[in-house]
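Peer 1: Have a look; sequence and predicted model below, questions after that.
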Amino acid sequence: MKVRIVFSIVLLCTVFSCTKQKESMSATNDSSLAKVIVNKELVVGVDPSLPPLSFYSSTGKIIGYDVDIAREIANRLGVKLRLVPVSVEDRVQQLESRVVDYLASGFVNNQKNAERFFLSTPYLRDALVVVIMHNFTGETPFHTFADLRNKRIGMISDADVVETVLHSPLYADNTRQPFFYPRMEKLLIALDYGQLEAAIMNLVTYYSKITKEKKPYRAIGDPLIISTYSYALRNGDGELLEVINLILDDMAKNGRLREISVKWFGADVSIVGKH
């Protein structure tokens, strides 16, 4: 009830230009929340190549951790949810051209992104790990980063990921350039079919693959970087950001985030309200 009352106050301030808005929002005509309410639709951009955050089910429906959270946000706003598939190549354009209201699925909370976008409360911690295949007996010829020197290593063609990897210990003495893939599923296929000796992937994806799908993967070495994820909104969409943060906080308090986390990860990995 308390959260619904807060939503009502925020909505009234938006629709009727309430004079007591936060000072940082007063210089803009922020209709981000009003647009969602009037259109009766929350449009969320999700990358369906990042299980278990978001991915295609066997029936072709996009499902996952971020999808369940988005559906909860839409339900609490009293609107329907519409998902738009995005990729690392087009997700920013989809957001800035107002195709989607916010971006989910692995948007890193860092200084660079914070300067360009409005970022929600961090909701999940992740890492980049180096993953190899082991054989049916559990054996593998690679145990350290040094073993992968000048081997075929693949990664997603995301600028932030590429910069992190190339400046990591993995490439300290590695002169062979990595192989770049536009989507995670293509990277995983290349690893599965022996086209790569190793792949760089998100820890949440690795965990999902070895637990849900029983893939013969093994992470070696230390994580290349540890990061947190937030939802990204257009710079200036403060009203919608405030409501999303309120909902995430309430979901953490009433246990709903824990339920969704256990459903997709088998454990409570959400970090909202814990730090």
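Peer 2: That came in fine, so what should we check first?
Peer 1: now what about stretch 127-142, what contacts it?
Peer 2: For stretch 127-142, the external contacting residues (C-beta atoms under 8 Å, 6 or more residues apart in numbering) are 145, 147-148, 151, 153, 161, 164-165, 170, 191-192, 194, 197-203, 206, 216-221, 223-227. Bear in mind the C-beta positions are built from the backbone N, C-alpha and C, glycine included.
Peer 1: Could you list the buried residues of the helix ranked longest in the chain?
Peer 2: Of all the elements of type helix in the chain, the one with the most residues (DSSP state H) is helix 238-254. Neighbour-count burial for helix 238-254 flags 238-248, 250-252 (criterion: 16 or more other C-beta atoms under 10 Å).
Peer 1: Repeat that for stretch 178-186.
Peer 2: By 16+ other C-beta under 10 Å, the buried positions in stretch 178-186 come out as Pro178, Tyr181, Arg183, Met184.
Peer 1: low pLDDT regions in this structure?
Peer 2: Scanning the chain for pLDDT under 70 picks out 1-28, 275.
Peer 1: where along it do the strands fall?
Peer 2: Taking DSSP state E as the test, the strands found in the chain are 41-46, 49-50, 54-56, 62-63, 80-85, 102-103, 117-119, 124-133, 153-156, 179-181, 198-202, 217-229, 232-234.
Peer 1: okay, the ones you listed in a markdown table with distance to Ile73 next?
Peer 2: Shown next, in a markdown table, are the strands of the chain (distance: least, C-beta to C-beta, whole Å):
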| stretch | distance to Ile73 |
| --- | --- |
| strand 41-46 | 7 |
| strand 49-50 | 19 |
| strand 54-56 | 14 |
| strand 62-63 | 16 |
| strand 80-85 | 8 |
| strand 102-103 | 9 |
| strand 117-119 | 15 |
| strand 124-133 | 15 |
| strand 153-156 | 26 |
| strand 179-181 | 31 |
| strand 198-202 | 22 |
| strand 217-229 | 15 |
| strand 232-234 | 12 |
